[in-house]
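A.B. asks: need the 3D shape of this:
(one chain, ligands or ions: 2)
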Amino acid sequence: MDTYIPVAFDAGSRSIRFGFCYDRTPSSDIPAVLGDMLDGKESVVHTNRIGENSTYKVDTNTLCVPREGMELINIMDKGLIQDWDAFENLMEYAYSSCLFTDPKLHPIIFTESPMNTDKNRERLMELLFEKFNVPAMMLCKNSAAAAFSCGLQTGIVVDSGATHTTAVPVYEGNVITGAIVSSPMGGDFILNKCEQYLSENNIDVIPHYLIAKKQPVNAKEIPIWSRKNTVPNVTNSWHNYMCKSVVEDFKHTVLEVADRDAILSNLPTCHYEFPNGYNQEFGSERFKIPEFLFNPNESGDLTSLSEIVHLCAEMCSNSIIDELYANIIVTGGNSLIKGFPRRLHLEIAANYKNISRVKLTAPIDSSIRRFGAWIGGALLATTAKLNHLWFSSNDYHENGANEISLYLTH
Ligand SMILES: Nc1ncnc2c1ncn2[C@@H]1O[C@H](COP(=O)(O)OP(=O)(O)OP(=O)(O)O)[C@@H](O)[C@H]1O
Ligand SMILES: [Mg+2]
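C.D. replies: Numbering: from 1, shown residues only. Ligands and ions are numbered 1, 2, ... in the order given. Just a heads-up that it's a prediction; the model follows:
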């Protein structure tokens, strides 16, 4: 194990991150969707591996090419692997076209969602030891890894990803599973709100692949653009994915979380131009959309993000509550909306006044914030004193996935 550099994989619903553990951040971050070239109307049996004859298309550059009949399939569902065949193909691609190495040579650390099931974990072990012949593997909970990346082993990890935001208590490196609180308000939720806003305001979302030419126009004027006439007959799933990328760029560029009690109309505006040339200044709406995360009143049964942190802490033992509030760790791509960590801090401090001290850690470097779980996993894998957490291929073949999984969960 000392001879070869371990590789780390952190699989999320939006993207899958991986790379060699001695790097500072993952070397690859590829979408957690694959293009499936359906043969006519029938789905082909996926025995092919990624390569010339593969029916799967992987990675941003390949996925962005319009192809007739290419359906997109999601590999993950709420942080758990759901399409194992697609996932296996993605792993092949990762080793052969990104890491350029043989999986047999490298121990592997995999981060897992705190909601992972025994069945999923066993299936992953089978895949890694039997198909990829990895020499050894380690599993770690993504929240514990994110805390570790900030040098902490105890705290509440607030992970705002694509499909959900979770508050996960971690104590001395272990997740307290009974006190995890999850909210569906993650990046996709905000993306839907952006789509709703754009459609209500008659702002068309035209993806780049449809645009042949455009002319500069003044703010709020009707865009002048012409449509490409050589586009193949693409599927709805692919077209929607391309539209989603446009709205995602709008979301990343324009949205900002305001401070508590800020007067939204007094806050700075942001100019944005869509791919078809339509452009305007966005004012209070750019603050109103992410406001749902902290003030979801209108959405009925949703719980604000400060409340999920509070609920999570309340479910933990009284003896550690102060320590948890003093170590809140913010991670995940959706927390990159400008102002998110500050507002979360202000909300918790203002709403729960009996807490002696609220301290929040949110790495300022956006790649460190987004890839916290990968970075922590890579650190764990290279920490010599944690060598006992590795399972070798011999352990697997002697004891089986079931035994190892039981050991890991207890
Ligand atoms: N700069 C940014 N500003 C705002 N949001 C961002 C930014 N960068 C990424 N995001 C959002 O972060 C989300 C993806 O976050 P992340 O990579 O943590 O999710 P994931 O781990 O793949 O998914 P999940 O945790 O739901 O399984 C997307 O919704 C994306 O729009
Ligand atoms: Mg995630």
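A.B. asks: and Met138, that's in a strand?
C.D. replies: Yes: checked against DSSP: H, G, I helix; E, B strand; the rest coil, Met138 lies within a strand.
A.B. asks: for the stretch 151-300 of the chain, just list every one of the strands.
C.D. replies: Secondary structure of the stretch 151-300 of the chain (DSSP state E, counting those that start in this stretch): strands located at 155-160, 165-171, 174-175, 181-183, 211-215, 224-227, 270-273, 279-282.
A.B. asks: which one of these is the most hemmed in?
C.D. replies: Ranked by mean neighbour count, those are led by strand 155-160 with a mean of 29 (mean count of other CB atoms under 10 Å). C-betas here are computed from N, CA, C, even on glycine.
A.B. asks: distance between it and the chain's centre?
C.D. replies: 13 Å (CA atoms, centre = their mean, to the nearest Å).
A.B. asks: likewise for stretch 93-103?
C.D. replies: That offset, for stretch 93-103, works out to 22 Å (CA atoms, centre = their mean).
A.B. asks: same deal with stretch 393-405?
C.D. replies: With CA atoms, centre = their mean, you get 29 Å for stretch 393-405.
A.B. asks: and that stretch, C-alpha only, in CSV?
C.D. replies: Presented in CSV, the C-alpha positions along stretch 393-405 are these (Å, rounded to 0.1, in the frame of the first residue of the first chain):
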residue,chain,number,x,y,z
SER,A,393,-8.4,-7.7,-1.6
ASN,A,394,-7.4,-10.7,0.7
ASP,A,395,-9.7,-9.4,3.4
TYR,A,396,-12.5,-9.2,0.9
HIS,A,397,-12.0,-12.7,-0.5
GLU,A,398,-11.6,-14.2,2.9
ASN,A,399,-14.5,-12.5,4.7
GLY,A,400,-16.8,-11.3,1.9
ALA,A,401,-18.4,-7.9,1.3
ASN,A,402,-21.2,-8.6,3.9
GLU,A,403,-18.8,-9.0,6.8
ILE,A,404,-16.8,-5.9,5.9
SER,A,405,-19.9,-3.8,5.5
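A.B. asks: please renumber the chain so that the first residue is 50 from this point on.
C.D. replies: Shifting the count to begin at 50 puts that one at stretch 442-454.
A.B. asks: show residues contacting that stretch.
C.D. replies: 167, 170-172, 174-175, 178, 182-185, 440 (CB atoms under 8 Å, 6 or more residues apart in numbering).
A.B. asks: and stretch 137-150, by the same measure?
C.D. replies: By CB under 8 Å, 6+ apart, stretch 137-150 touches 56, 58, 65, 67-69, 76-77, 79, 83, 95, 98-99, 103, 105, 107-108, 124, 151-152, 176, 180-181.
A.B. asks: dump the residue contacts of Ala185.
C.D. replies: Counting by CB under 8 Å, 6+ apart, Ala185 has contacts 50, 156-157, 439-442.
A.B. asks: in helices only, show me the residues you listed.
C.D. replies: The helices, defined by DSSP state H, take in Ser442 from the contacts of Ala185.
A.B. asks: mind checking which of the contacts of Ala185 are buried?
C.D. replies: Neighbour counting by 16 or more other CB atoms under 10 Å classes 156-157, 439-440, 442 among those as buried.
A.B. asks: so which residue of the stretch 350-459 of the chain comes closest to ligand 1?
C.D. replies: Gly382 (2.3 Å; CB to the nearest ligand atom).
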